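Participant: pasting a predicted model and its sequence here:
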Amino acid sequence: MQANLPQDFVRMMHEHFDNDTADELCSALISTEPEVSIRLNSYKISVEDLLTYSPNLEQVPWCPGAFYLKERPAFTFDPLFHAGAYYVQEASSMYVAEVMRQFVSFGRPLVALDLCAAPGGKSTLLQSLLPNGSLLISNEPIAKRSQILSENIQKWMRGLPNDAPHCMVTQNYPADFAALTAQVDVLLTDVPCSGEGMFRKDEDAVREWSLENVGMCQQRQRDILQDIWHVLKPGGLLIYSTCTFNRFEDEDNTRYICDEMGGFCLLERHFLPGRDRGEGFYVAAIRKNGNADESAEKDVQHTATKVRRTLRVLYDSVSSLQPEGPFIELTYDEALQYLRREALRVEAPRGMVTLRYRNLILGQGKAVGSRINNLYPEAWRIRSTYTTPFSLLGTES
């Protein structure tokens, strides 16, 4: 069975793990299907609501409000998905919630930076965990990926209360963060890697894997960490993660951070298909040496001002436009029409209106008599004309 995997990879797994674990991992990578899991936006949908509709769902044990699904439905056709009521996220990567629970003090507002954030799974998770009044900087340097990140963050944040953790989406490289020295309490670096954990999902990841690429990724990861380490406060927490299994990109880089950059490893964890219910994932929690001077801490607003002045900001939840006009509740079919950017034949008072599905905001429209002109962003619209009806809480409204 392992003949479908690169032989150098198979050999490496047997060098890094015991034989039984390596055999189980390699077999799982080529003979089993990925799990499907979601995480609820607690501001918009409750665990009780979900379990009332689907009482037999199994919870992801390391992340509150997260569940395994028995199969992968057509999320594209769920208005609740587009309303940011939940995020489709790989279960292993949700272990960031457990790392935060163990090693972060939530007694005051915090500043968190997700450095390589697209498409947004870990950022939306961080936003849901941070105390009220906190700031999350969700960054992605690659332009196309940053647009996807911005869309997902905007949908997640839309309609949240004013005291919810504030989020800014930026498009910058690590070296651009010079102004944020010692400003960040939690730094998440899910660094670009050789992608071994994607073997079950992406055949290209298997074809493109090589020992040379592993070495290149290891050095690139170290360069990224060197460029961004300064933003972390003394005593701050680095969450270092990859979707690989090899120790060169994982344990060796954790040792490098601790020995060469000044950190202390609090936790390491590998998630392995065949042993764990999730994709390949490695995470390390690393405390930066030194003691935080609480009296000298800059407040969140001071850091947010620095971000606006020195970085390229794509979205700022504080200054983003608020929904205008009366709320218009849509049926399931009307919601899909809106998400396809079609005109709606719905009675509404003339002027700007806010369209909702199950009391959750989808976006804006402009009512002109018996029709509502569609103002949903063109780049976000559903392009498929075929529909497989699905909504997490049922399609009846």
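Facilitator: That came in fine, so what should we check first?

Participant: below-threshold pLDDT in this structure: ranges please.
Facilitator: 1-3, 293-298, 397 (pLDDT under 70).

Participant: and if we set it to 90?
Facilitator: 1-4, 162, 201, 291-299, 318-325, 347, 369-370, 385, 395-397 (pLDDT under 90).

Participant: what segments of it are helices?
Facilitator: Ranges of helices in the chain, per DSSP state H, are 7-16, 19-31, 47-53, 79-82, 96-103, 121-129, 143-157, 203-208, 211-228, 251-256, 300-310, 332-339.

Participant: who's in contact with the third one?
Facilitator: Applying Cβ atoms under 8 Å, 6 or more residues apart in numbering, the set of residues contacting helix 47-53 from outside is Leu40, Leu57, Gly65, Phe67, Leu392, Leu393, Gly394. Yep, even glycine has a C-beta here, placed from its N, CA and C like the rest.

Participant: quick one: Pro174 from Gln221, how far?
Facilitator: Look at Pro174 and Gln221: by Cβ to Cβ, to the nearest Å, they are 11 Å apart.

Participant: settle it for me: which of the two has more neighbours?
Facilitator: Shown here are Pro174 and Gln221; by other Cβ atoms under 10 Å, Gln221 has more neighbours (24 against 21).

Participant: quick one: that one and Asp190 touch, right?
Facilitator: No: using Cβ atoms under 8 Å, Gln221 makes no contact with Asp190, being 10.5 Å away.

Participant: mind listing the shared neighbours of these two?
Facilitator: Joint contacts of Gln221 and Asp190 (Cβ under 8 Å, 6+ apart) are Thr242.

Participant: now what about stretch 261-274, what contacts it?
Facilitator: 17, 21, 24-25, 27-29, 32, 34, 92, 95, 99, 102-103, 197, 200, 225-226, 229, 238, 245, 250-251, 254, 257-258, 278-290.

Participant: please repeat the previous calculation with a cut-off of 7 Å.
Facilitator: 21, 24-25, 27-29, 32, 92, 95, 99, 102-103, 200, 225, 229, 238, 245, 251, 254, 257-258, 278-289 (Cβ atoms under 7 Å, 6 or more residues apart in numbering).

Participant: now that stretch: buried residues?
Facilitator: Met261, Gly263, Cys265, Arg269, His270, Phe271, Leu272, Pro273, Gly274 (16 or more other Cβ atoms under 10 Å).

Participant: now stretch 236-252
Facilitator: Here stretch 236-252 shows 236-251 as buried, counting by 16+ other Cβ under 10 Å.

Participant: for stretch 67-74, same thing?
Facilitator: For stretch 67-74, using 16+ other Cβ under 10 Å, the buried residues are Phe67, Leu69, Pro73.

Participant: please apply the same query to stretch 203-214.
Facilitator: Buried-residue list, stretch 203-214, by 16+ other Cβ under 10 Å: Ala205, Val206, Trp209, Val214.

Participant: can you pick out the most distant pair from the residues you listed?
Facilitator: Using Cβ to Cβ, the pair of the buried residues of stretch 203-214 lying farthest apart is Val206 and Val214, separated by 13.6 Å.

Participant: follow-up on the earlier one: which of the helices of the chain sits closest to Leu110?
Facilitator: helix 300-310 (7.9 Å).

Participant: so which bits of the closest one are buried?
Facilitator: Neighbour-count burial for helix 300-310 [16+ other Cβ under 10 Å]: Val300, Thr303, Ala304, Lys306, Val307.

Participant: next: stretch 356-364.
Facilitator: Quick answer for stretch 356-364 (16+ other Cβ under 10 Å): Arg356, Tyr357, Arg358, Leu360, Ile361, Leu362, Gly363, Gln364.

Participant: out of the residues you listed, which two sit at the greatest distance?
Facilitator: Arg358 and Gln364 (17.6 Å).
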